[in-house]
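[1] Next comes the sequence, and after it the predicted model I'd like to discuss.
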Amino acid sequence: MPVKIKFGLSLLVVLVTAIAAYYQHVLGHDLTQYVAVFLGCFMIFAMWLFPEVKREETAGGVGRDSGVR
């Protein structure tokens, strides 16, 4: 995934996380507020840490070019 898309998605996750945490704070749900913040941070961390899967073969082990015709 390109860095520009990761950065934009990270900003979107931060925005949604902040809104969710604030809303939970207003409702008085302290534990849920911290869970929302943790999950938002974890999503951003995982997106930047783990690379995208790039497969050369299909799941059955047969290459894309070598198929039954």
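    Done, it's in.
[2] all helices of this protein, in order?
    Counting by DSSP state H, one finds helices in the chain at the ranges 3-27, 30-49.
[3] any chance of the ones you listed in JSON lines, with mean neighbour count and mean pLDDT too?
    Quick note: C-beta positions are derived from backbone N, CA and C, even for glycine. Listed next are these as JSON lines, based on neighbours: other CB atoms under 10 Å; pLDDT from 0 to 100:
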{"stretch": "helix 3-27", "mean neighbour count": "13", "mean pLDDT": "95"}
{"stretch": "helix 30-49", "mean neighbour count": "14", "mean pLDDT": "94"}
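[4] a markdown table for these, including distance to residue 56?
    Converted to a markdown table, the helices of the chain look like this (distance: least, CB to CB, whole Å):
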| stretch | distance to residue 56 |
| --- | --- |
| helix 3-27 | 23 |
| helix 30-49 | 23 |
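[5] what about residue 8, distance to residue 15?
    Using CB to CB, to the nearest Å, we find residue 8 at a distance of 11 Å from residue 15.
[6] Now do the same contact list for residue 22.
    With CB atoms under 8 Å, 6 or more residues apart in numbering as the criterion, no residue contacts residue 22.
[7] Please tell me how far it sits from residue 37.
    10 Å.
[8] One more: residue 26?
    Using CB to CB, residue 26 is found at 15 Å from residue 37.
[9] pLDDT at residue 67, what is it?
    If you check residue 67, the pLDDT there is 56.
[10] What does residue 29 show for phi and psi?
    phi -90, psi 90 (degrees, to the nearest 10).
[11] cool, residue 50 as well?
    As for residue 50, its main-chain torsions (degrees, to the nearest 10) stand at phi -90, psi 130.
[12] Can you give me the distance of it to residue 6?
    The value you get for residue 50 to residue 6, if CB to CB is used, is 11 Å.
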